[in-house]
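J.: A predicted structure for the sequence below; I have some questions about it.
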Amino acid sequence: MGEVRDRLLDAAEKLIYRHGVHGTGIDTILAEAGAAKMSLYKHFDGKEALVVAMLERRHKAWMAWFLERTAGLEKRAGGPVPAMFDALGEWFARRDFHGCAFINCASEFPDARHPVRQVSRRHKTSLKNAIADLCRQQGIDVALAPALYLLIEGAIVAAMVGSDSDPARAAKKTALRLISGN
């Protein structure tokens, strides 16, 4: 039972991340998952519930990756804050990088109360909190965390639109100047 649910989530994540929510039909997701329509409704109330569940799962995986990779790059980068940008640069360079799944999905739903927007907002709040924690860890004024968050978000969008990892380097350079007060 859980195997079919996971296949549906895997298929939704792969296809929706690449083609968008509205650009991916439920039949395409079912075909990719090798699942019947009844399986979808056994596990989810419909496509939007599948998308919300997919984003919730992606949130956990992405945050775990981001924090683990940041920690792994910390010594080489000179601390956790600059390491965040190195981790992003690696993500941007991956062949399967298509921007932020949360930004992409949220942009398809104009109503701020929509469940897809709500799960996206929770993800962004979690990222903001993680950045503040990394600032504390490095002894950086937490008041800089919102600006660092905006640098990260801007770099993600610029990398998606520009199809390269240069925005991570530019954001890191700006972050280091911000931190040093220059």
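T.: Thanks, I have the structure now.

J.: list the contacts for C100?
T.: When contacts are counted by Cβ atoms under 8 Å, 6 or more residues apart in numbering, C100 touches E153, I156, V157, M160. All C-beta atoms are positioned from the backbone trio N, CA, C, and that covers glycine.

J.: Just after the longest helix anywhere in the chain, pick out the following helix or strand.
T.: When the chain is parsed with DSSP state H, its longest helix is helix 47-77. Counting by DSSP states H and E, the next helix or strand C-terminal to helix 47-77 is helix 80-93.

J.: Now do the buried residues in that next one.
T.: Residues P80, V81, P82, A83, M84, F85, D86, A87, L88, G89, W91, F92 are the ones in helix 80-93 that count as buried (16 or more other Cβ atoms under 10 Å).

J.: Let me know the closest of those to R177.
T.: Nearest to R177 out of the buried residues of helix 80-93 is P82 (Cβ to Cβ; 11.4 Å).

J.: Which residue, other than its chain neighbours, is closest to that closest one?
T.: K172 (5.7 Å; Cβ to Cβ, 6 or more residues apart in numbering).

J.: What is the lowest-pLDDT residue among the contacts of C100?
T.: The member of the contacts of C100 with the lowest pLDDT is M160, at 93.

J.: The host helix or strand of that residue vs helix 80-93, what angle?
T.: Assigned by DSSP H and E, M160 belongs to helix 145-162. In terms of direction (axes from the mean of the first three to the mean of the last three Cα atoms, to 10 degrees), helix 145-162 departs from helix 80-93 by 20 degrees.
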